[in-house]
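Participant: sequence and predicted structure are below.
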Amino acid sequence: MRRKSMTRYSFFICLAAGLACTSQPQEEMAPKAAEKAAEVTAKKPVFTIYSGRSATLVEPLLQEWAAAEGVELKLRFNKNTEALANRLVTEGQRSEADLFFAQTAGYLTTLGDRGQLRTLPDGILNQVPETARGPKKHWVATSGRLRVLVYSPERVKAEDLPKRLEDLSQPQYKGRIGWAPGNASLQAHVSALQSLWGAEKTKTWLAAMKAQNPARYPKNSPQVKAVDLGEIDMGWVNHYYLHKIKAKNPALKAANHSFQAGDAGNVMMLAGVGIPKSSDQVEKAEKLIAFLLSQKGQEYFTQKAYEYPVVKGVSLHPDVKMPEGIADNSQAALNDVAASLKMLRELGID
């Protein structure tokens with residue numbers, strides 16, 4: 001078994017294993033020893049994935065690949081991709097991770113720069129556009145999530161919707177907006193704004209937004225429901241929450257709105273994967289990445305998760321629309337969450 005089966009970390013649940021003495025004759029022990037050896041031989045190889053994506057979303061797809069490949073998955077989920085990335089760095093060459101699946105691909109750029117990820121082959125990288133792969137070939141995107149404005153078509157006319165994200169701070173929207181400043185997606189978007197607008201303009205806009213008396217929510221989905229219930233007219237969310245909730249409640253009275261082409265409101269957040277240098281199962285990891293980028297893998301993300309594909313020729317879900325143009329931000333720009341949190345705290349909206 002490889003090194004990771006011999007290493008124990010304090011944060012794992014460990015089993016104390018020992019050999020018990022017995023008075024049984026040697027000839028009675030031999031068959032049992034043979035049985036144990038056979039069991040060990042029959043065990044599937046273990047492939048370990050560190051995932052910042054939720055188990056509900058990606059585990060069915062990962063298990064489908066594992067069954068076809070004949071491996072047993074060891075999955076470590078943590079929605080806080082930054083914490084998971086820090087863990088990989090701390091473990092270094094001792095890490096058991098064979099694949100790192102990031103909710104926000106920018107963290108993969110950081111891991112690559114810190115020497116934690118292998119360079120991916122061109123055969124994988126060339127399946128996606130340059131904007132969906134690492135600048136130094138350390139990662140490739142698997143799907144995208146778009147930041148949008150969810151709104152009530154009953155209470156907000158299409159012509160009255162803001163054309164730019166910054167317009168949300170205008171007087172006509174006061175008391176009508178919801179947001180989730182404690183949510184990672186909003187914090188990542190604030191990081192993107194600092195990259196696109198600069199820190200000063202971002203801070204000024206956030207202060208103006210605070211003055212709008214926005215309703216505060218813990219995350220994205222409650223905002224979609226709040227729009228339907230009439231609590232707010234608009235919410236600042238990820239696009240797919242509307243579609244997931246509407247699939248369960250077709251009568252939902254809410255719709256998504258994207259801003260004008262290239263606006264800072266149209267931030268696309270990519271999820272992606274990279275292969276840790278500590279892995280000795282590189283071939284299997286590359287096979288899994290190829291599966292995630294295959295027609296089957298991409299259609300899983302688009303049709304079941306309502307996300308955007310990264311491979312050309314894969315259709316969007318019929319209910320999901322592509323904006324006229326997305327914001328021109330790097331994925332690495334989404335990483336500077338510490339600066340965003342500091343700014344939010346200084347403004348009293350953390």
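Facilitator: Now that the structure is in, tell me what you want to look at. Just so you know, these numbers come straight off a predicted model, no measurement behind them.
Participant: now residue 58: how far from residue 74?
Facilitator: Per Cβ to Cβ, to the nearest Å, residue 58 is found 14 Å from residue 74. For glycine as for every other residue, the C-beta is placed from the backbone atoms N, C-alpha and C.
Participant: those two: which is more packed in?
Facilitator: Higher neighbour count among residue 58 and residue 74: residue 58, with 24 against 14, using other Cβ atoms under 10 Å.
Participant: give me the nearest residue to that one, chain neighbours excluded.
Facilitator: residue 51 (6.3 Å; Cβ to Cβ, 6 or more residues apart in numbering).
Participant: the one you found bridge partners, please.
Facilitator: Residue 51 has the following beta-bridge partners by DSSP bridges: residue 77, residue 101.
Participant: wait, it sits on residue 74?
Facilitator: No - using Cβ atoms under 8 Å as the test, residue 51 is too far from residue 74 to be in contact (10.9 Å).
Participant: neighbours of residue 55, how many?
Facilitator: Residue 55 has 12 nearby residues by other Cβ under 10 Å.
Participant: show me what contacts it?
Facilitator: 75, 77 (Cβ atoms under 8 Å, 6 or more residues apart in numbering).
Participant: how near is it to residue 71?
Facilitator: Counting by Cβ to Cβ, the gap from residue 55 to residue 71 is 18 Å.
Participant: again, but for residue 266
Facilitator: Residue 266 is 39 Å from residue 71, by Cβ to Cβ.
Participant: helices of the stretch 1-150 of the chain, start to end?
Facilitator: Secondary structure of the stretch 1-150 of the chain by DSSP state H, counting those that start in this stretch: the helices cover 26-42, 55-69, 81-91, 106-113, 122-125.
Participant: any idea which of those helices scores lowest on pLDDT?
Facilitator: Here the helices of the stretch 1-150 of the chain differ in mean pLDDT, and the lowest is helix 26-42 at a mean of 45.
Participant: more neighbours: which of residue 266 and residue 71?
Facilitator: residue 266 (22 against 18).
Participant: look at the more buried one and give its secondary structure.
Facilitator: What DSSP: H, G, I helix; E, B strand; the rest coil gives for residue 266 is coil.
Participant: thanks again, I'm all set now.
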